[in-house]
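Q: What follows is a predicted protein model with its sequence.
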Amino acid sequence: MSRTKKTIKNARISLIFYILFTLVAFFSRKIFLDYLGPEFLGLTATVSNILGFLNLAELGVGTTIGVFLYKPLYDENHDEINKIISVLGYIYKKIGIIVLIIAIVVSCFFPLIFSKVTISLPIIYLCFYVFLTNSLLGYFVNYHQTLLYTDQKGYIIAIYYQSANLLRIILQSLIAYYYQSFLLWIILEFIFSIIYAVIIRWKVRQEYLWLKFNLIASKEDLVNYKDIFKKIKQVFFHKFSHVIFTSTDQLMIYIYVSLESVAYYNNYLLVFGKATSLLNNFFEGTKAAIGNLVAENDSKKIKKVFWEMMALRFFIGGFLFITLLYLTEPFITLWLGEKYIMDPTILLLLLISLFLGQIIIPIENFLNAYGLFQDIWAPTTQAVLNIIISIILGKLMGISGIILGSILSTLLIIVPWKPYFLYSKGFEKSVSEYWIGFFKLAMPFIGTLIIIKYILFNVVLSDKITTVIDWIYLAIKTSIIAVLVYGSLLFIINQGFRDLFKRFYMMSNNLINKILK
C-alpha cells in the first residue's frame, strides 16, 4: 500500500472515530461534572499530569526508534527491524522499572500534595495507581505498537483503542449517572487498560507474522545500536519541553487557584482538543510519510512537500483560531452552563497557543525525519523560561499569566530557532527562504482576521445564541466564511497552498473515478 493510500486510510478511520468519540466525550463530560463533580475531574487531570512527569524517562524513545525504523521498513529488512524492536523492549523495560519506583516514592507525599482536596486518600491512591498501570503496560507489553505507527498503520491502533475508549466512557457515564461512584469509575478504567493491552499485542502478532516477540536484545545489539541511545538522550530534552508546555499549566492552576479551576480549564481544552484532533488525526499518517520521503532523499520533492505541509498547518491553525474564537463560549454556555465560562483573555491566549502549535508541526516532523535532535539547548531553555515566566505572571495574572508564559517561551526560542536548525542541518539552505515563505503564509491569516473582525462580524457573526440550532447555524456561517476568505487569500498569495489544493483535487478525482467504476 502506497504512502498516500495509507495516509487516506488513517484519515478515514480517524474521522469515523472522531465523530463517534466527540459525541460521547461531550455528553459524558456533562454527566461527570454533574454527578461526580468538578473536583473529581480536576483530580484525574492532576493525577495524569503527575504521571506525565513520571514518564519523562520515556520521552524520546518512541520517536527515536521511529527514525531508525524508516529505512529497514522501506527496504523490508525484517531481521534489522526485529533487532531494533528488541532494543526498544530492553529500553522500555528499564524505564518501566524506574517509573514504578519513582511513582511509589511520589505517592508517599499525596497527603501533603492533596491536602486541600475533600476526596478521600484511598480513592486518590487508587486513581493514581490505575493510571500508572496503564502507563506500565505500554512499557512492558505494548511497546511493539511503535512499529504500527512507523509503518503508517496507526489506523489499526485507532480502531481498537478508540473502540475500547468509547465503550469504557459509555459504561463510566452510566455508573456516574446511576451510582455516583468514584470507585466503580476507576475500576472500569483499570479493566479496559488490560483489555486494550491484550488486544493490541494480539493484533501486532497478526499483522507482522515475522516479528519475534520474545527476542531479547544481545550485548552485541546494544553496542551496534548505540546511536539509538545517543539520539534518545537528545530527543528527551525536546519531549521534556513538550511536557512542560502541556502539563505545568494545569499543575500551576491547581497551585495558584484550585482543583475546580483545573476542571473548568479542561473544559476549554476538551473543546480545543476535539476541534484540533479532527484535523490532526486526519493528517496523522503524514508523519511516517515524511520519514519515508526523507529516506528516499529527493531534495526537490522534500522541499515541495514541506511547503505544502506548512500551508496546510497554517490553514488548519487559522481556521481553528477563527472558528473557535466565535464558537467556544456559546458552545460551553449551551453545553455546561454560563458559570463555566472563563475570562475572555484566557480564550484568546489559548487560541494563540493553539495556532503556534499548529505552524510548528511541519518543522518538527521534518526535524524528526532527519533525526536532528542535537539542539538540546533550545528545549531546555524554553522549559526553564516557561516555568520562570509562568510563575511570575501566574502570581500577577492568574490563569492568563500561566498560559502567557508558555506562549512567550515558544515565541522567544522555538519559533526563531527551529526553522534555522532545519534549514541549516536538514535542507542545507539559507533560512531566509523559510521566512519569505512564512510571511507569505502569515499575511493571508492577518488579512482574514481583519476582514472578519471589522467588515463581516457585525453583518453575519453577531447573532445572539440561545439554542443549539442557533449555534449550529453560527458554526456553519463561521466555517464557510473562514474557508472562503482565508482559503482564497492563501490560494492567491502562496504557491505551497496552490500545490496542496492541486494534490487534494487530484486525489478527489481519483477517488470519485474509483467509486464510479
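A: Received, thanks. What you see is a predicted model, and the numbers here were worked out from it, not measured in a lab. Residues are numbered from 1 along each chain as shown.
Q: Can you show me the CA trace of stretch 369-389 as CSV?
A: Extracted in CSV, the C-alpha atoms of stretch 369-389 (Å, rounded to 0.1, in the frame of the first residue of the first chain):
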residue,chain,number,x,y,z
ALA,A,369,12.5,12.6,9.9
TYR,A,370,16.1,13.8,9.5
GLY,A,371,16.9,12.6,13.0
LEU,A,372,18.0,16.2,14.0
PHE,A,373,17.7,16.3,17.8
GLN,A,374,21.1,17.5,18.9
ASP,A,375,20.0,21.1,19.6
ILE,A,376,19.1,20.2,23.2
TRP,A,377,19.8,23.8,24.5
ALA,A,378,16.6,25.0,22.7
PRO,A,379,14.0,22.9,24.5
THR,A,380,15.9,23.2,27.8
THR,A,381,15.9,27.0,27.6
GLN,A,382,12.3,27.0,26.6
ALA,A,383,11.3,24.8,29.5
VAL,A,384,13.2,27.0,32.0
LEU,A,385,11.8,30.2,30.6
ASN,A,386,8.3,28.7,30.6
ILE,A,387,8.5,27.8,34.3
ILE,A,388,10.0,31.2,35.3
ILE,A,389,7.6,33.3,33.3
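Q: quick one: buried residues of the helix or strand harbouring residue 331?
A: Taking DSSP states H and E as the definition, one finds residue 331 inside helix 299-335. For helix 299-335, burial by neighbour count (16 or more other C-beta atoms under 10 Å) applies to 302, 304-333, 335. (Each C-beta comes from the backbone N, C-alpha and C, glycine too.)
Q: residues touching residue 345, list them.
A: Shown in contact with residue 345 (C-beta atoms under 8 Å, 6 or more residues apart in numbering): residue 400.
Q: can you pull the buried residues of the host helix or strand of it?
A: Taking DSSP H and E as the definition, residue 345 sits inside helix 344-370. Buried residues in helix 344-370, counted by 16+ other C-beta under 10 Å: 346-347, 349-370.
Q: Helix 299-335 and that one, what's the angle between them?
A: With axes from the mean of the first three to the mean of the last three C-alpha atoms, to 10 degrees applied, the angle from helix 344-370 to helix 299-335 works out at 150 degrees.
Q: The chain should start at 21 in everything you say after this.
A: Done: numbering now begins at 21, and the last item shifts to helix 364-390.
Q: and helix 364-390, what's its mean pLDDT?
A: For helix 364-390, mean pLDDT rounds to 88.
Q: picking up where we left off before, and the helix holding residue 351, what does it pack against?
A: The helices and strands touching helix 319-355, judged by 3 or more C-beta pairs under 8 Å, 6 or more residues apart in numbering; DSSP states H and E, are helix 279-302, helix 306-316, helix 364-390, helix 452-471, helix 488-501, helix 507-513, helix 515-536.
Q: possible to save those helices as a markdown table with distance to residue 250?
A: A markdown table is the format used below for the helices and strands packed on helix 319-355 (distance: least, C-beta to C-beta, whole Å):
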| stretch | distance to residue 250 |
| --- | --- |
| helix 279-302 | 30 |
| helix 306-316 | 19 |
| helix 364-390 | 15 |
| helix 452-471 | 27 |
| helix 488-501 | 46 |
| helix 507-513 | 40 |
| helix 515-536 | 34 |
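Q: just so I know, which of these lies nearest residue 439?
A: Counting by C-beta to C-beta, residue 439 lies closest to helix 452-471 out of these; the figure is 4.5 Å.
Q: The closest one: which residues count as buried?
A: 454, 457-458, 460-461, 464-465, 468-469.
Q: Check stretch 46-58 too.
A: Residues of stretch 46-58 classed as buried: 46, 48-49, 51-53, 55-58 (neighbour count, 16+ other C-beta under 10 Å).
Q: Cross those against helices and list the overlap.
A: Counting by DSSP state H, the buried residues of stretch 46-58 place 46, 48-49, 51-53, 55, 58 in helices.
Q: Turn those into TSV, columns for distance to residue 111 and pLDDT.
A: Below are these laid out as TSV (distance: C-beta to C-beta, whole Å; pLDDT from 0 to 100):
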residue	distance to residue 111	pLDDT
46	38	77
48	36	85
49	36	81
51	40	88
52	36	85
53	40	84
55	42	87
58	39	83
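Q: Closest one of those to residue 505?
A: Using C-beta to C-beta, those come closest to residue 505 at residue 46, 28.2 Å.
Q: which residues of the stretch 171-320 of the chain fall in strands?
A: Counting by DSSP state E, counting those that start in this stretch, the stretch 171-320 of the chain yields no residue ranges for strands.
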